[in-house]
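Colleague: need coordinates for the following:
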Amino acid sequence: VFDFGQTADGLVYLASELVAGRNLTRLVADEGALTLTRTAAIVTQIGAALDAAHALGIVHRDLKPDNVLVVASAGGETVKVVDFG
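Modeller: Coordinates of the predicted model:
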């Protein structure tokens, strides 16, 4: 989240990153079972994201494949855990 608040006329807003990727549910539906290597890389990044959140005292409470986005990047794939509520 980059910013949040309320405008002078009462409009509540939340500005966050636009992530152009597929959620894990869609990825598996499109491609079928993932290789063990790819799965390990995705799970490792999910764990790192949750570890960073927990270090800040944040608990996700709704971790599921729909809340894990997989984005193509120069180094392969980057995982984003979203919807922290």
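
Colleague: to what extent is residue 68 buried, counted in neighbours?
Modeller: Other residues within reach of residue 68, judged by other Cβ atoms under 10 Å, total 23. Heads up, the C-betas are built off the backbone N, CA and C, glycines and all.

Colleague: which residues does it bridge with?
Modeller: Residue 68 has the following beta-bridge partners by DSSP bridges: residue 81.

Colleague: go on, the one 4 residues further on?
Modeller: According to DSSP bridges, residue 77 are recorded as the beta-bridge partners of residue 72.

Colleague: please apply the same query to residue 4.
Modeller: If you apply DSSP bridges, the partners that residue 4 bridges to are residue 14.

Colleague: give the contact list for it.
Modeller: In this structure, residue 4 makes contact with 13-15, judged by Cβ atoms under 8 Å, 6 or more residues apart in numbering.

Colleague: lowest-confidence entry in these?
Modeller: Ranked by pLDDT, the contacts of residue 4 bottom out at residue 14, which scores 90.

Colleague: that residue: neighbouring residues, count only.
Modeller: Neighbours of residue 14 using other Cβ under 10 Å come to 9.

Colleague: pretty sure it contacts residue 84?
Modeller: No: using Cβ atoms under 8 Å, residue 14 makes no contact with residue 84, being 11.7 Å away.

Colleague: give me the low-pLDDT residue ranges for the chain?
Modeller: Within the chain, no stretch has pLDDT under 70.

Colleague: who touches the top helix by length along it?
Modeller: The single longest helix within the chain, with elements called by DSSP state H, is helix 36-55. Contacts to helix 36-55, defined as Cβ under 8 Å, 6+ apart, come from residues 24, 34, 59-60, 63, 68, 70, 76-81, 84.

Colleague: just the buried members of those residues?
Modeller: Listed as buried from the contacts of helix 36-55 are 24, 60, 68, 70, 79-81; burial here means 16 or more other Cβ atoms under 10 Å.
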